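Asks: fold the stuff below for me.
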Amino acid sequence: MTQPSQAKRAYRCLYNHELLILFTTESPYQSYAEDVTARQVEGYVRELQGTEVDALMCCPTAWKTPLYFSEVDRKWQDEAPGEVEPLHDCDARYPEKVYWRVRRYMLKGEDPVALSLKTAREIGIGFFLSYRMNDHHYNTLRDLRVHSRFWREHPEYAIRPEAVQGPGNDSDLQLNYNHPEVQDYYRRIIFELIDRYDIDGFELDFMRTGRYFPDSEIEKGLSTMTAFVRTIRDKLRETGHKRGRPLLLCVRVPRTVELAEGMGLDLVTWSREDLIDMVNASPHFRNNLDLDIEGFKHSLPGVRVYGETHFVTDAARLPSGFSNNINRRTTPTQYQTAALSFLDRGADGLSFFNFAYTRHHYFGEPRRTQLPGVEPPFHVLARICDEEYLRHLPKHYRKNPAIPPIPGEVGSVPLNIPARGQGLVLMHIADRFDASHSFTRALMRLESTAEIAGAPVVAFVNGRQIEPTYGLGELFPPLSAEGIPHYESLLFFEVPLDCLRHGLNEVVIYNHSTKGDTFELRAVDLALYC
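Replies: Below you'll find the model as predicted:
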């Protein structure tokens, strides 16, 4: 089957838009007191007008529930009409509150996917569907209505917890793609979506879980998933030929080619066989600059590589211990810094994940009373792909824990630096420090997991000792008060600009404690001021 003669569009800025957000958030378009209407659906797309976003990556599900009238999962035709919505009280579980709000909207016969597509066309941006290839949300709560019928009725196809290793895995009851029935289910869903909507491309989102196969079946899974992706590619080619234009295939994968392979995703083969057009390199649920852009570009010639940012930079908790969705927010300066970092290292474009989730999406959770939602910083997206413009802005580089961590990765955090010991952190800086730079000051902040104010810590940058100084806390204005570290867990250092360099920079930290105290380094921040 030959491709349509029309050239493939080279998208520059991808924007994840999961339709679940329409029902979980209060926004300028809807409050929780109102049922969701077209105003909410259209508003979440129109607010991108005037930005450099040129492709909407639309997720057509609420967790595992379709947000369209699917013939593969007939939730809205067969199950939902006979349900009776309860009178909620404050103890209702979060996904239940969301589900009933979704149900009220869907049983009116609405199609938020179609309306989002129509609105994207009106503002002139491309439209992809982005499907969760496995979803770990609420898998331990089997009775929830947000789960698909297929998942509920076929526990025999799940990856059991005892079949995987490692701490904190989220693979409990993830579907195992080595079962042909699982492949067939997802293939029918994806084919249905491709046939139903006039899309520009499709994204296979492999980042809603870390598991597709048991540990013992990863090798087999590599060929299994390649064969599956091949069928999706063939379907897009066939449909694109009928519609007179190429339909692109994007995959959202972890931050290195090797991590993807460890999940059973053979990106190198997919590239060699021309199965994929775009790779969305993701840091998972935490903004992180340590995406291996160079490795993707080297290993996947001809595939466009996108560096993804996230609205969260770190997890946090309240003094009470409550930690559900308590997160430090990514600031405008951090978004701009990440954009330059990825573009400078060869990325073909940028990707923004959950950008609008800064809004309130907790249904009035009383423990979040002092942490209201804030409007997303849409102004950042106006010139986010303009590399020359970005070079003249202040920067906030942050080295924070990566998800998932790579055992033995050199220069990463967190680090436990023993008394009279040292630790190495590697930071890539995209800025150049020649005569053209406009920076006037550089400030480094070390963040610990415990109180370290006054600790005997000495730091070097590229072999040069940097001087301790005083800091008041945040290096730039935070987007919200959520997750801000306590000042007693921070140390600050002045960094001479002439000891910084474009590319990798070595930060060596010595713990001169004579009392046997271990210095627990959580993160390293570097601010460049203009």
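Asks: make it CA atoms for all contacts and neighbour counts henceforth
Replies: Noted.
Asks: how is this structure divided into domains?
Replies: 13-135+183-392, 397-529 (automatic domain parsing).
Asks: so residue 205 sits against residue 133, correct?
Replies: Yes. Between residue 205 and residue 133 a contact is recorded at 5.8 Å, counting by C-alpha atoms under 8 Å.
Asks: follow-up on the earlier one: okay, the domains of the chain in JSON lines with mean neighbour count and mean pLDDT next?
Replies: JSON lines is the format used below for these (neighbours: other C-alpha atoms under 10 Å; pLDDT from 0 to 100):
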{"stretch": "domain 13-135+183-392", "mean neighbour count": "19", "mean pLDDT": "96"}
{"stretch": "domain 397-529", "mean neighbour count": "17", "mean pLDDT": "94"}
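Asks: for these, which one sits closest to residue 159?
Replies: Ranking the domains of the chain by distance to residue 159, with C-alpha to C-alpha as the measure, places domain 13-135+183-392 first at 6.0 Å.
Asks: same for the host helix or strand of residue 459, what does it pack against?
Replies: Using DSSP states H and E, residue 459 falls within strand 457-461. For strand 457-461, the packing partners by 3 or more C-alpha pairs under 8 Å, 6 or more residues apart in numbering; DSSP states H and E come out as strand 464-469, strand 503-511.
Asks: any idea how far the longest one is from the chain center?
Replies: In this case it means strand 503-511. Centroid displacement of strand 503-511 relative to its chain, using C-alpha atoms, centre = their mean, to the nearest Å, is 27 Å.
Asks: contacts for that strand?
Replies: The contact list for strand 503-511 (C-alpha atoms under 8 Å, 6 or more residues apart in numbering) reads 417-430, 456-463, 518-519.
Asks: closest one to residue 448 among the helices and strands packed on strand 457-461?
Replies: Going by C-alpha to C-alpha, the one of those nearest residue 448 is strand 503-511, 12.4 Å.
Asks: neighbouring strands for the closest one, and are they parallel or not?
Replies: Here strand 503-511 is paired, per DSSP bridges, with strand 421-429 (antiparallel), strand 457-461 (antiparallel).
Asks: moving C-terminal from the first one, which element do we reach first?
Replies: Scanning the chain past strand 421-429 towards its C-terminal end, the next helix or strand to appear is strand 441-448 (assignment: DSSP H and E).
Asks: that following strand versus strand 457-461: what angle between them?
Replies: Between the axis of strand 441-448 and that of strand 457-461 there is an angle of 130 degrees, by axes from the mean of the first three to the mean of the last three C-alpha atoms, to 10 degrees.
Asks: who does strand 441-448 touch, helix- and strand-wise?
Replies: By 3+ C-alpha pairs under 8 Å, 6+ apart, strand 441-448 packs against strand 490-494, strand 519-529.
Asks: and the helices in the stretch 1-150 of the chain?
Replies: 21-24, 38-46, 94-106, 112-123, 149-153 (DSSP state H, counting those that start in this stretch).
Asks: what is the first one packed up against?
Replies: Judged by 3+ C-alpha pairs under 8 Å, 6+ apart, the packing partners of helix 21-24 are helix 38-46, helix 94-106.
Asks: what's the single longest helix in this structure?
Replies: Taking DSSP state H as the criterion, the chain has its longest helix at helix 218-243.
Asks: roughly how far does residue 352 sit from residue 309?
Replies: Using C-alpha to C-alpha, to the nearest Å, residue 352 is found at 5 Å from residue 309.
Asks: my error: substitute residue 51 in the last question.
Replies: Residue 51 is 16 Å from residue 309, by C-alpha to C-alpha.
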